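Asks: Any chance you can model this:
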Amino acid sequence: MHWPSREVLYSVIFGTETPAGRYFDLSLIVAILLSIGVLLLDSMSSVRSHIGGTLYILEWTFTLLFTLEYGVRVYCAPKRLAYIRSFYGIIDVLAVMPTYLSVFIPGLSFLLMVRLLRVLRIFRILKLIRYANEANVLLRSLNQSRRKIMVFFSSLFILVTLFGSLLYVVEGPENGFTSIPVSIYWAIVTITTVGFGDITPQTPLGQGIAAVTMLMGYAIIAVPTGILSAELGREMRREYDMRHCPLCDKTGHDKDADFCKYCGGSMEPKAED
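Replies: Model prediction:
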């Protein structure tokens, strides 16, 4: 039996230009989703008690299949070390490691949910890379607002620590506030408006502090959203301002605009004679 060359394997496994490459990637994604389905079923005790043996065999079958696929990827990659260190290369390893490690550490196989990250290849298959520019706008907005958000979370950390410590002093262990970390947990749950209710202040003073904490939670919960929204709007305006009309030289056009919205001229620069 003739083994395909590295070039042929590369075009099938890494490429999406050929029908074989597209079919391979789509088949891979189906296999990934099926393996996730097996993992979900295995987490249900009622299902595992009836077909646990079958699920175990299926899980090892998928793991061996993905291990073979990873080995072939390393074999045919032009720059093997670059692939191994790449995002997908690391995810491909993590997609099989938990099954092998679960032999020594039971229960670790449920970390195989990381296989879902491999489905990101569908963006490449369906030619959705053009949407990466939109994602870059969001990433740049997050990067621009990171200092403001860090200052906000630092202030929030100080607030929950102060409120938690205050409730620990006011309520005490007899009312469930057994330590400062537990009281800080209560403050985080309260100020984020989650309100589990597993720990509640019993004294009037404690309830008053809790009321202030809740109101403060409503007041500050929109702060990071506002910061990100402002940066996102600024980034989108910058994207519009980058494109100008070659006729009237005005900016503010969409990236996919064919004609100027001011003068009606073509957005494509004229070829020089």
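
Asks: so what's the most centrally placed residue in the chain up against?
Replies: Among the residues of the chain, the one closest to the centroid is residue 117, at 8.6 Å (C-alpha atoms, centre = their mean). By C-beta atoms under 8 Å, 6 or more residues apart in numbering, the residues touching residue 117 are residue 91. In this view, the C-beta of every residue, glycine as well, is placed from N, C-alpha and C.

Asks: Show the low-confidence segments of the stretch 51-200 of the chain, by residue range.
Replies: In the predicted model of the stretch 51-200 of the chain, residues 109-110, 120-138 satisfy pLDDT under 70.

Asks: Relative to residue 93, how far out is the residue nearest to the centre of the chain?
Replies: Residue 117 sits 12 Å away from residue 93, taking C-beta to C-beta, to the nearest Å as the criterion.

Asks: Ok, residue 105 next?
Replies: Distance, residue 105 to residue 93, by C-beta to C-beta: 17 Å.

Asks: The two: who's more crowded?
Replies: residue 93 (15 against 10; other C-beta atoms under 10 Å).

Asks: quick revisit: so the residue nearest to the centre of the chain lies in a strand, does it not?
Replies: No. According to DSSP: H, G, I helix; E, B strand; the rest coil, residue 117 belongs to no strand; its state is helix.

Asks: Tell me, how many residues neighbour residue 226?
Replies: When neighbours are defined as other C-beta under 10 Å, residue 226 has 12 of them.

Asks: try residue 46
Replies: Residues lying near residue 46 (other C-beta under 10 Å) number 7.

Asks: which parts of the helix or strand hosting it are buried?
Replies: Using DSSP states H and E, residue 46 sits in helix 45-76. Of all the residues in helix 45-76, those buried under the rule 16 or more other C-beta atoms under 10 Å are 55, 58, 59, 62, 63, 66, 67, 69, 70, 72, 73, 76.

Asks: for that helix, the distance to its chain's centre please.
Replies: 24 Å (C-alpha atoms, centre = their mean, to the nearest Å).

Asks: residue boundaries of the helices in the stretch 51-200 of the chain?
Replies: Taking DSSP state H, counting those that start in this stretch as the test, the helices found in the stretch 51-200 of the chain are 80-85, 87-94, 97-101, 122-125, 132-144, 146-171, 180-191.

Asks: out of those helices, deepest packed?
Replies: Ranked by mean neighbour count, the helices of the stretch 51-200 of the chain are led by helix 180-191 with a mean of 20 (mean count of other C-beta atoms under 10 Å).

Asks: Show me what secondary structure element comes after it.
Replies: As assigned by DSSP H and E, the chain's next helix or strand after helix 180-191 is helix 204-220.

Asks: between that next one and helix 180-191, how many degrees?
Replies: Here the directions of helix 204-220 and helix 180-191 differ by 50 degrees (axes from the mean of the first three to the mean of the last three C-alpha atoms, to 10 degrees).

Asks: Report all helices and strands that helix 204-220 contacts.
Replies: If contacts are counted by 3 or more C-beta pairs under 8 Å, 6 or more residues apart in numbering; DSSP states H and E, helix 204-220 sits against helix 146-171, helix 180-191.
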